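K.L.:
the sequence and its predicted three-dimensional model are supplied below.
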Number of protein chains: 2
Amino acid sequence: MSQTVDRALSILPLLAQGPADLGRVADRLGVHKSTALRLLRTLHEHGLVYRQQDNRYRLGARLFALAQEAVENLDMREIAHSHLVALNGQCGHTVHLAVYEDGEVLYIDKVESRYPVRMYSRIGKPVAITVAAVAKLLLADLPEAERRALAERLDYPMYTPRSSPNAAAFLKELATVREQGWATDLGGHEESINCVGAPIRGADGRVVAAMSVSAPNVVVTAEELLTLLPLVRRTADAISGEYSGNTPPSKDAS
Amino acid sequence: MSQTVDRALSILPLLAQGPADLGRVADRLGVHKSTALRLLRTLHEHGLVYRQQDNRYRLGARLFALAQEAVENLDMREIAHSHLVALNGQCGHTVHLAVYEDGEVLYIDKVESRYPVRMYSRIGKPVAITVAAVAKLLLADLPEAERRALAERLDYPMYTPRSSPNAAAFLKELATVREQGWATDLGGHEESINCVGAPIRGADGRVVAAMSVSAPNVVVTAEELLTLLPLVRRTADAISGEYSGNTPPSKDAS
DNA sequence: AATGGCCATTGCATGTAGTGCAACGAGATC
DNA sequence: GATCTCGTTGCACTACATGCAATGGCCATT
């Protein structure tokens, strides 16, 4: 691992908390100001940080552009999107698509509810991993050892009384999810919001993504939402099929 | 400037074009494979790149998270958002908020149209800088020298017959915009889409952001859209006022 | 099964390039 | 106008990144 790069990259999460001046960055990094200056300059040239008029640094524009390009290049998202839109067209609720990556679950696509009451979530935002239906689906399929290790090191915030309280309960829930092949979040994240989700599988049967439909109590009850399960599963299976059928990962135009 | 960090960061735009394996990355960087490996590992540890099962690398999750945190920490966005929502409530069309940064103009907030026909745009996406109303507003206020220099090095893609064809025409357009204090894009980016925008100014009168209302021809004609100009300007001025009134970041007790 | 080729990985010797120091300068404060 | 703070620069030193060559795993070919 490269020390210099490591230091430079450590600046990014630091600036994510808010703008900081040179001295502050140097302190947090534990390096001399001149060193911090050179790192910041390099980050600046690549557009990852921006220097405002008061000489403080904050995260820069290219970060957004990179994130955009990244999400748009995901095969899964491309394949799934039209299916998600179709599902939204049928039920009208918010539809999410998520993937697992290095201990995090994050949304990679979203179709907004057609109802006025909308959920707060954003593409790229890490998911509440211990309660979200899509997170359960993705984690349930991890290899035993990795799943246990991850569950142990997670935090279990009690968003509501129905949140998973600890690793043991969570692992049990994951076992259930793996058995039944679908998952719910009934008010485990926000009191009034329910979700029902299904896994998307690759050609080898491994879960590569997960999708869910979410709606607040005030629009449909949990029972009504559950009646959508077959539809959600069909949609997920359709995406799985298309994803497995077309396996053109060698799509290089160099 | 740090060579090592420079190389590492050069990997990111490279991977933005699509996944690449170690050899490919090393080639593109012009370094030995072992060097590329160490850089990739460092990026990986910070979550900026992800290593897929086939050993190819692509951009990673934390990139999204960083971009999210960055956009949510922008004062301008926070202040403006409620105004944008209110404006959308009154006219129903898509509302955009954009800022200029190092030669790029990018959207930092967006309120979706309530009509079924929606524009394609995303928060964080770079704006078509030679045609968008918000881009004209932001560039029109740049210092003379910087404006000229930027105009000269831009590309002028002819999205439609009404796109700015070259630097001279663009600079002339910017002069008009600066004079009148508002801007339009009448089918300069996509044939059927019109925009009308107004600048948001800081306490010193400099343009710090720009906003616009966009709607396709099929919903309202360009003439009808222009009748919204006073409303757009009022909204922009209201945001300017609030932004100038509250100056919390500038005055800090030591 | 055995072989050959491809690619990721590792340990190490070399010298390049990143580091901290100290001095300088600009801007603000009193 | 004096003093303090903070960003900036040039430089000597050596820590650290680099490329090489060798190893090992994986896959395809025979």
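P.N.:
Perfect, I can see it now. Numbers count the residues shown, from 1 in each chain, chains lettered A, B, ... in the order given.

K.L.:
what is the neighbour count of A:Glu146?
P.N.:
Neighbour count for A:Glu146, taken as other Cβ atoms under 10 Å in any protein chain shown: 11. Backbone N, C-alpha and C define where each C-beta goes, glycine included.

K.L.:
could I get the helix or strand hosting it in CSV with only the CA atoms?
P.N.:
Assessed by DSSP states H and E, A:Glu146 sits inside helix A:144-153. Output of helix A:144-153 as CSV, limited to C-alpha atoms (Å, rounded to 0.1, in the frame of the first residue of the first chain):
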residue,chain,number,x,y,z
GLU,A,144,-21.3,-18.2,5.9
ALA,A,145,-18.0,-17.0,7.2
GLU,A,146,-18.2,-13.6,5.6
ARG,A,147,-21.8,-13.1,6.7
ARG,A,148,-21.0,-14.0,10.3
ALA,A,149,-17.9,-11.7,10.4
LEU,A,150,-19.9,-8.8,8.9
ALA,A,151,-22.8,-9.3,11.2
GLU,A,152,-20.5,-9.2,14.2
ARG,A,153,-18.9,-5.9,13.3
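
K.L.:
tell me which other helices or strands the helix or strand following it touches.
P.N.:
For helix A:144-153, the following helix or strand on the C-terminal side (DSSP H and E) is helix A:167-180. Here helix A:167-180 touches helix A:133-140, helix A:144-153, going by 3 or more Cβ pairs under 8 Å, 6 or more residues apart in numbering or on different chains; DSSP states H and E.

K.L.:
of those, which is nearest A:Pro13?
P.N.:
Distance to A:Pro13, taken as Cβ to Cβ, is lowest for helix A:144-153 among the helices and strands packed on helix A:167-180, at 18.5 Å.

K.L.:
same question for the closest residue in space to A:Arg41 that isn't next to it in sequence, what's its three-state structure.
P.N.:
Leaving aside its sequence neighbours, A:Arg41 sits nearest to B:Met1 (Cβ to Cβ, 6 or more residues apart in numbering or on different chains; 5.6 Å). Secondary structure assignment for B:Met1 (DSSP: H, G, I helix; E, B strand; the rest coil): coil.

K.L.:
quickly compare the helices and strands packed on helix A:167-180 and say which is most buried.
P.N.:
helix A:133-140 (a mean of 28; mean count of other Cβ atoms under 10 Å in any protein chain shown).

K.L.:
how about a markdown table for the helices and strands packed on helix A:167-180, with mean pLDDT and distance to B:Leu171 added?
P.N.:
Converted to a markdown table, the helices and strands packed on helix A:167-180 look like this (pLDDT from 0 to 100; distance: least, Cβ to Cβ, whole Å):
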| stretch | mean pLDDT | distance to B:Leu171 |
| --- | --- | --- |
| helix A:133-140 | 97 | 49 |
| helix A:144-153 | 92 | 56 |
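
K.L.:
tell me which of those helices sits nearest to DNA strand C.
P.N.:
Checking those against DNA strand C by Cβ to the nearest atom of the strand gives helix A:144-153 as the closest, at 17.2 Å.

K.L.:
run the angle between the closest one and helix A:133-140 for me.
P.N.:
Orientation check (axes from the mean of the first three to the mean of the last three Cα atoms, to 10 degrees): helix A:144-153 against helix A:133-140 gives 130 degrees.

K.L.:
any residue of the one helix or strand A:His96 maps to touching chain B?
P.N.:
If you go by DSSP H and E, A:His96 is part of strand A:94-101. Yes. Using Cβ under 8 Å from any Cβ of the partner chain, we find that strand A:94-101 touches chain B at A:Glu101.

K.L.:
would you mind listing the buried residues in stretch A:173-192?
P.N.:
Neighbour counts over stretch A:173-192 (16 or more other Cβ atoms under 10 Å in any protein chain shown) mark A:173-174, A:177-178, A:182-190 as buried.

K.L.:
hmm, who's touching it?
P.N.:
Among residues not part of stretch A:173-192, those counted as contacts by Cβ atoms under 8 Å, 6 or more residues apart in numbering or on different chains are A:128, A:131-134, A:136-137, A:139-141, A:147, A:151, A:159-160, A:162-164, A:193-199, A:210, A:212, A:216-218, A:222, A:226, A:229, A:232-233.

K.L.:
give me the subset of these touching DNA strand D.
P.N.:
Near DNA strand D, judged by Cβ under 7 Å from any atom of the strand, there are no entries from the contacts of stretch A:173-192.

K.L.:
tell me the secondary structure for the residue in the stretch 51-200 of chain A positioned nearest to DNA strand D?
P.N.:
For the stretch 51-200 of chain A, the residue closest to DNA strand D is A:Asn55, as judged by Cβ to the nearest atom of the strand, at 4.4 Å. With three-state DSSP as the basis, A:Asn55 sits in coil.

K.L.:
do A:Gly18 as well
P.N.:
Assigned by three-state DSSP, the conformation of A:Gly18 is coil.

K.L.:
now do A:Arg62
P.N.:
A:Arg62 - assigned by three-state DSSP - is helix.

K.L.:
let me know the pLDDT of it.
P.N.:
Model confidence at A:Arg62, given as pLDDT, is 84.

K.L.:
burial of A:Ala65, as a residue count?
P.N.:
A count of nearby residues for A:Ala65, using other Cβ under 10 Å, gives 19.

K.L.:
checking my notes, it in a strand, right?
P.N.:
No. With three-state DSSP as the criterion, A:Ala65 is helix rather than part of a strand.

K.L.:
with adjacent residues omitted, what lies nearest to it?
P.N.:
B:Pro126 is the one closest to A:Ala65 (Cβ to Cβ, 6+ apart), at 5.7 Å.

K.L.:
is the one you found bridged to anything, and to what?
P.N.:
Counting by DSSP bridges, B:Pro126 is bridged to B:Leu106.

K.L.:
roughly how far apart are it and B:Glu69?
P.N.:
19 Å (Cβ to Cβ, to the nearest Å).

K.L.:
A:Leu59 now?
P.N.:
Taking Cβ to Cβ, one finds A:Leu59 at 7 Å from B:Glu69.

K.L.:
the more surrounded of the two?
P.N.:
Ranked by neighbour count (other Cβ under 10 Å), A:Leu59 and B:Glu69 place A:Leu59 first, with 27 against 18.

K.L.:
burial count for the nearest residue to that one once chain neighbours are set aside?
P.N.:
Leaving aside its sequence neighbours, A:Leu59 sits nearest to B:Ala70 (Cβ to Cβ, 6+ apart; 3.6 Å). A count of neighbours around B:Ala70, defined by other Cβ under 10 Å, yields 25.

K.L.:
packing partners of the lowest-mean-pLDDT helix or strand in chain A?
P.N.:
In chain A, no helix or strand scores lower on mean pLDDT, DSSP states H and E than helix A:61-72, which sits at a mean of 82. On a contact count with 3+ Cβ pairs under 8 Å, 6+ apart, helix A:61-72 meets helix B:3-16, strand B:57-59, helix B:61-72, strand B:104-111.

K.L.:
turn the ones you listed into CSV, including distance to DNA strand D.
P.N.:
Converted to CSV, the helices and strands packed on helix A:61-72 look like this (distance: least, Cβ to the nearest atom of the strand, whole Å):
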stretch, distance to DNA strand D
helix B:3-16, 4
strand B:57-59, 16
helix B:61-72, 19
strand B:104-111, 21
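
K.L.:
so which of those comes closest to DNA strand C?
P.N.:
helix B:3-16 (3.3 Å).

K.L.:
and the angle from that closest one to helix A:61-72?
P.N.:
Angle of helix B:3-16 versus helix A:61-72, following the same axes, to 10 degrees, is 40 degrees.

K.L.:
need phi/psi at A:Arg201.
P.N.:
According to degrees, to the nearest 10, the main-chain angles of A:Arg201 amount to phi -110, psi 150.
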